[in-house]
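Trainee: structure here, sequence nowhere to be found:
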């Protein structure tokens, strides 16, 4: 989920660029002698949005697009740039990719839809809002396989779609909220859109409630954001942001790396080792293997705690490198073990190998119900019924 314009197509997982944040920091440092607050905010959101994908929970994010001279803008490379321009670029890229691979034609169609919604956002006046949704591509998954749509960043296990709500605040800026919803049910989406049509002031919580009520009527039981056994108002975005000390450490070290006078391949190596180590420590915290700290300080992080995080991140990286992972690859399996192997791998593969642990003390996180539906349960928890049909899955 990328803050770059926070565009509606951000549900697609982008290939991880280990130097993207470093380059944004370096641009500011070289041009202004410091990192601008707007750039730091954007890097913060992009890094955390990527991490949010690793948490198997509902997520609701909020981004602000500035309105100036009747245009909505996002901050990039020291300047505010037109949001519509980013959508036009995304459309051209999608068209080119569809030409090279016809299976991707649906992404070009979605890019056209994104552009239409972008113009709707730009036309909003204070007090107005625009609501829409983006479903999981069930038809394409059936035609081309779940592996194909998973490579594009979609979630077959959750059939995850999105509810979007954008509103114009008193200052004229546009606030964009995006809420994940599982099952991607057409009738449930219609219920949410009908509510928005009848109540022009409805909020995201009400949209989610309308979606869930439809699922409850169809399948029985309780839902939250399309999920069984979910806590009301659970939000993976907040779960990641709550790791405030580790987030501050992530950004601080990225800025330090950005200031280094090193050849680009050495910068990339330093950035990868840092980010992969932070990912590995995030994973250990989320699984309860390492204590999560609640910072008591209100300004700068104490040097002693920064040094502790240095040690913990290094240890987490080394443990991951020693353990290794086997990733499926074209023509066979790719064995990723040892520092050199990991630093030479694709960032997206490292991400999946760190956060893709599919077992815990109860066994596999993924399984089929007696009727053959795919299920995925939260780490460290059991579920009572199938997430799609409601049949009991208790052993």
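Mentor: Happy to help now that I have it. Just so we're clear, the structure is a prediction, and the values are computed from it rather than from any experiment.
Trainee: okay, now residue 20: neighbour count?
Mentor: For residue 20, the neighbour count with other C-beta atoms under 10 Å is 19. Every residue, glycine included, has its C-beta placed from N, CA and C.
Trainee: how is this structure carved up into domains?
Mentor: Taking automatic domain parsing as the domain assignment, the ranges for the chain are 4-239, 244-357.
Trainee: highest average neighbour count across those?
Mentor: Ranked by mean neighbour count, the domains of the chain are led by domain 4-239 with a mean of 18 (mean count of other C-beta atoms under 10 Å).
Trainee: I'd like to know which of the domains of the chain is closest to residue 370.
Mentor: Checking the domains of the chain against residue 370 by C-beta to C-beta gives domain 4-239 as the closest, at 15.3 Å.
Trainee: sorry, back to before: which of the domains of the chain has the lowest average pLDDT?
Mentor: In terms of average pLDDT, domain 244-357 trails the rest of the domains of the chain, at a mean of 81.
Trainee: make JSON lines from the domains of the chain and add distance to residue 369 to it.
Mentor: Below are the domains of the chain laid out as JSON lines (distance: least, C-beta to C-beta, whole Å):
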{"stretch": "domain 4-239", "distance to residue 369": "11"}
{"stretch": "domain 244-357", "distance to residue 369": "22"}
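Trainee: which one, of these, ends up nearest to residue 391?
Mentor: Using C-beta to C-beta, the nearest of the domains of the chain to residue 391 is domain 4-239, at 10.0 Å.
Trainee: isn't residue 84 up against residue 120?
Mentor: No - using C-beta atoms under 8 Å, residue 84 is not in contact with residue 120, being 11.0 Å away.
Trainee: may I have the phi/psi pair for residue 73?
Mentor: Dihedral pair for residue 73: phi -130, psi 160, per degrees, to the nearest 10.
Trainee: and residue 154, which of the three is it?
Mentor: Three-state assignment for residue 154 (DSSP: H, G, I helix; E, B strand; the rest coil): coil.
Trainee: equivalent analysis for the one 4 residues further on, please.
Mentor: When the structure is reduced to helix, strand and coil (three-state DSSP), residue 158 reads as coil.
Trainee: nearest spatial neighbour of it, skipping sequence neighbours?
Mentor: In this structure, residue 158 finds its nearest non-sequential neighbour in residue 182, 4.6 Å apart by C-beta to C-beta, 6 or more residues apart in numbering.
Trainee: need the contact list for residue 112.
Mentor: By C-beta atoms under 8 Å, 6 or more residues apart in numbering, the contact list for residue 112 reads residue 91.
Trainee: check which helix or strand covers it.
Mentor: Applying DSSP states H and E as the criterion places residue 112 in helix 105-122.
Trainee: relative to residue 165, how far out is residue 125?
Mentor: Distance, residue 125 to residue 165, using C-beta to C-beta, to the nearest Å: 16 Å.
Trainee: over to residue 369?
Mentor: On the measure of C-beta to C-beta, residue 369 and residue 165 end up 33 Å apart.
Trainee: repeat that for residue 223.
Mentor: Residue 223 sits 19 Å away from residue 165, going by C-beta to C-beta.
Trainee: and if you look at residue 367?
Mentor: For residue 367, the distance to residue 165 (C-beta to C-beta) stands at 34 Å.
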